[in-house]
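A.B. asks: Here is my input; please provide its structure:
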Amino acid sequence: MSLLRTVLLGFGLCAAVAAPVDAADDPRNVAASAQRGGPVADAAPDFFLFQPHGWLAIRGGLLVPRAGGDLFSFVSDQLTLAPSDFRSRAFSLEVGWRVSSTLAVEGGLDVSRRSVGSEYRRFVTASRGAIAQTTRLNMAGMALGIRVTPTGHGRRISRFAFIPRKLTPYVGAGLQMSHVEFRQRGSFVDFTDLSIFEDVFSSRSWAVGPFLRGGVDLQIWRRLYVNADVRYTWMRADLGPDFSGFNGIDLAGVRGATGISVTF
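C.D. replies: Residues are numbered from 1 along each chain as shown. Sure, this is the predicted structure:
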């Protein structure tokens, strides 16, 4: 809840900054400039002949999973792992289409990969060596949602001319579907007789869950924008037979990302 309050507060501040219309964006000033014989482009240097209908965005960021549930609790207790070890770089590609001045539909693909080494906290080999293994958490999926831009994307000053806003905050919601791979490979301890063995434990499954997001687009040149985006997703996936006895894997978490977008 504290995370959601922070996102909403940030959105409110961005909306407050973006709400005022620059004097050059006022249609009356543009019209007055035209009547005086001055070029419209001087009053609105970034105006478009037509309003953009969509965008394409590329982002990179950091995925911070909540790492809750009994699986992460077990590996954190037995191995030299912590929830922060599962933070990973994330990459996403997104496309959106505006259906009104404030509402748009969007969809995208995203990928994150993380591999981290560890060893047992309480057990060593007979020669006092570490019992080491590698844990991997990879996710790849797609998202579909809606985006709301309360302040709009700009101002139409005639049938054809459109002046975009420099700063455009937004909020959104939707569904995320991801393919999840959780894998451990290396040396392990058999707790029945404390013997050490080599093995690979792997689980592949699908997860679906809702997300909330908030962000802002900042125009840097014509149709090119830089973007900052925060998204929180609630997801859980079942585990394969190699991890029987665990109640699935908790995949909820926050993703912060930044990148560029181009309107079209």
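A.B. asks: can you list the weak-confidence ranges in the chain?
C.D. replies: Within the chain, the segments meeting pLDDT under 70 span 1-47.
A.B. asks: now do 50
C.D. replies: Scanning the chain for pLDDT under 50 picks out 3-4, 6-45.
A.B. asks: which residues of it fall in strands?
C.D. replies: 54-65, 88-98, 103-124, 130-148, 154-156, 162-164, 167-190, 195-221, 224-233, 236-237, 249-250, 253-263 (DSSP state E).
A.B. asks: Rebuild those as JSON lines, extending it with mean neighbour count and distance to Leu71.
C.D. replies: The C-beta positions use only the backbone N, C-alpha and C, and glycine is treated the same way. As requested, the strands of the chain are arranged in JSON lines below (neighbours: other CB atoms under 10 Å; distance: least, CB to CB, whole Å):
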{"stretch": "strand 54-65", "mean neighbour count": "18", "distance to Leu71": "12"}
{"stretch": "strand 88-98", "mean neighbour count": "18", "distance to Leu71": "17"}
{"stretch": "strand 103-124", "mean neighbour count": "16", "distance to Leu71": "14"}
{"stretch": "strand 130-148", "mean neighbour count": "17", "distance to Leu71": "11"}
{"stretch": "strand 154-156", "mean neighbour count": "19", "distance to Leu71": "48"}
{"stretch": "strand 162-164", "mean neighbour count": "22", "distance to Leu71": "47"}
{"stretch": "strand 167-190", "mean neighbour count": "18", "distance to Leu71": "8"}
{"stretch": "strand 195-221", "mean neighbour count": "16", "distance to Leu71": "9"}
{"stretch": "strand 224-233", "mean neighbour count": "19", "distance to Leu71": "18"}
{"stretch": "strand 236-237", "mean neighbour count": "20", "distance to Leu71": "10"}
{"stretch": "strand 249-250", "mean neighbour count": "22", "distance to Leu71": "5"}
{"stretch": "strand 253-263", "mean neighbour count": "18", "distance to Leu71": "14"}
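A.B. asks: Adding distance to Leu79 as columns, could you present these in CSV?
C.D. replies: As requested, the strands of the chain are exported to CSV (distance: least, CB to CB, whole Å):
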stretch, distance to Leu79
strand 54-65, 16
strand 88-98, 18
strand 103-124, 4
strand 130-148, 7
strand 154-156, 53
strand 162-164, 51
strand 167-190, 9
strand 195-221, 12
strand 224-233, 25
strand 236-237, 20
strand 249-250, 16
strand 253-263, 20
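A.B. asks: I'm done for today, thanks for sticking with me.
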